[in-house]
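> Please work out how this folds:
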Amino acid sequence: MKKFALAAAALALLVFAASSCKKDKQPKENTTPVIAWENNSNFAACEITDKMDASVSLTAKEGIQEMVISFTKLPLTLVGVVNQHIDGRSFPQNLASSSNNYLATLDLVNDSSVSEYIKGLNMIVPSTIKGSTACTINFKSLIINLMNNQILENDANISFTLSVVDKADQKASKNLTFHYTTGPYITVKNYAFAASVPGKIEKASITVNSGSQTLINKLKGSVFDGVPVNNGVMLDLIDNSTAAGKLASYGLTTGAKLKGQTKAALDLDEFIKLAVKDDIATDKSYGTHVFTLTIEDANGKTSSESLEYVYQQQ
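This next block holds a predicted model:
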C-alpha cells in the first residue's frame with residue numbers, strides 16, 4: 001500500500017511538471033523583416049520635391065543578409081547614370097540593358113561599386129548593411145542624386161522594389177514609386193506672360209522694379225497694397241485681395257480664378273498703359289522698368305521670368 005501511494009505521488013508530480021511546462025511555453029517570436037514608411041504607411045507614390053520625406057525604416061532581428069533595389073520603372077535619361085554605379089564585370093545581369101527592358105538592379109551588399117556609391121550618399125544609417133538588425137534608408141538622397149543635371153519629362157516615374165533577406169532566409173519587400181511633375185514654365189511675349197504649371201498654381205506675384213518713385217509709392221499705397229522688396233514692390237496675385245482685385249481691373253487673372261490652374265495668361269499691357277506709364281512720365285524716369293512674374297506650384301517648385309518696359313524721352 002505504501003509503495004502504491006509513493007507511485008501515485010510521483011505520477012502526480014510528473015503530471016504537474018508537464019502541465020507547468022506546457023503553461024510556461026511561449027509562442028515563437030516573429031522575426032520576419034519589417035519595412036515601414038512612417039510618413040507614407042501605404043507606400044503611395046511620393047512626389048519628388050526638395051521637401052519630400054522618403055525615409056524608410058527596416059527591422060531585421062536575425063540580421064540582414066541581402067538587400068537589393070530592383071527598378072521597375074526607370075526613365076531612359078537615367079539609365080546611364082544608374083549603370084555607372086554597377087560593377088558590370090562581376091554583375092553584368094544587373095546593368096540596365098535591352099535584355100531587361102533597361103531596368104537595373106542595385107545589389108547593396110555584394111556589389112562593392114554599389115555599396116560605395118550608397119555610402120557616399122549617406123543614404124543608409126548605419127552604413128554597414130550586412131548583419132545590421134535595424135537601419136534607416138533615406139531614398140531622397142538616391143532620387144535627387146540620380147536626377148542631378150538630368151531632364152525628366154513631366155509625369156515621369158522612378159519605381160523600384162526594395163527586397164531584403166535576413167540570415168534566417170526570411171524575406172520582405174516593398175514597392176516604392178517617386179513621381180516627377182515639371183515645375184512652372186513661363187514665357188514672355190511683348191508685355192504678356194504665358195505660364196504652364198503642371199503642378200497647379202499655388203502662389204503668384206508680380207514684382208515691379210522702377211526708378212519712378214511716384215510709381216513705387218503708388219504701388220506701396222493702400223490702392224495696391226504692395227510689399228516693398230529689393231528696391232521694388234511685390235504685388236501678390238492670389239493671397240492679397242487688395243492687390244489681386246486692383247490688378248483684375250486691368251484684365252489680369254487673379255485670386256481664386258488663378259489658383260489651382262495649370263495654365264495662365266497674364267497680359268500687362270493695359271496695366272502699364274493705365275497705371276504705370278503716367279507715373280513714369282511724371283518723374284521723367286527714362287529707361288528700363290522691369291516686371292517679374294513669380295509662380296510657385298503646389299509641390300513647392302518655383303519659376304520666375306521678367307519683361308521690360310522702356311520709357312524713352314519724347
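
> for the stretch 101-250 of the chain, what spans make up the strands?
105-107, 124-125, 134-138, 156-166, 171-180, 185-189, 192-196, 201-209, 227-229, 232-236 (DSSP state E, counting those that start in this stretch).

> For residue 65, find the nearest of those strands.
Closest to residue 65 of these is strand 156-166 (C-beta to C-beta; 5.0 Å). Every residue, glycine included, has its C-beta placed from N, CA and C.

> List the buried residues in that closest one.
Across strand 156-166, burial judged by 16 or more other C-beta atoms under 10 Å covers 156, 158-160, 162-166.

> So which residues make contact with that strand?
31-33, 35, 45, 48, 56, 58, 60-75, 78, 137, 143, 146, 171-180 (C-beta atoms under 8 Å, 6 or more residues apart in numbering).

> What subset of those is buried?
So, by 16+ other C-beta under 10 Å, the buried ones in those are 31, 33, 35, 48, 56, 58, 60-62, 64-71, 74-75, 78, 137, 143, 146, 172, 174, 176, 178, 180.

> coming back round to it: now, among the buried residues of strand 156-166, which is nearest to residue 227?
Out of the buried residues of strand 156-166, the member with the shortest distance to residue 227 (by C-beta to C-beta) is residue 156, at 36.3 Å.

> so where's this structure uncertain?
For the chain, residues meeting the criterion pLDDT under 70 lie at 1-26, 314.

> Recalculate using a threshold of 50.
1-18 (pLDDT under 50).

> circling back to that earlier point, take the buried ones among the contacts of strand 156-166 and keep only those in helices.
In helices, judged by DSSP state H, the following of the buried ones among the contacts of strand 156-166 are found: 143, 146.

> returning to what we had before: which one of the buried residues of strand 156-166 is nearest to residue 207?
residue 156 (31.7 Å).

> sorry, back to before: so which of the strands of the stretch 101-250 of the chain is nearest residue 282?
strand 201-209 (15.6 Å).

> and the direction of the closest one versus that of strand 232-236, what angle?
Relative orientation of strand 201-209 and strand 232-236, computed by axes from the mean of the first three to the mean of the last three C-alpha atoms, to 10 degrees: 150 degrees.

> Return strand 201-209 as CSV; C-alpha atoms alone will do.
Taking C-alpha atoms only, strand 201-209 is exported to CSV below (Å, rounded to 0.1, in the frame of the first residue of the first chain):
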residue,chain,number,x,y,z
ILE,A,201,-0.5,77.3,-59.3
GLU,A,202,-0.3,77.8,-55.6
LYS,A,203,1.2,81.2,-55.3
ALA,A,204,1.8,84.0,-57.9
SER,A,205,3.1,87.5,-57.7
ILE,A,206,4.4,90.4,-59.9
THR,A,207,7.3,92.4,-58.7
VAL,A,208,7.8,95.9,-60.2
ASN,A,209,11.3,97.4,-60.2
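
> Show me how far that strand is from its chain's centre.
Distance of strand 201-209 from its chain centroid, counting by C-alpha atoms, centre = their mean, to the nearest Å, is 23 Å.

> Check stretch 27-34 too.
33 Å.

> Then stretch 268-277?
39 Å.

> If you count neighbours, what's buried in it?
268, 271-272, 275-277.

> Tell me who's in contact with the closest residue to residue 225 other than its chain neighbours.
Closest residue to residue 225 apart from its sequence neighbours, by C-beta to C-beta, 6 or more residues apart in numbering: residue 242 at 3.8 Å. Contact partners of residue 242, counting by C-beta under 8 Å, 6+ apart, are 222-225.
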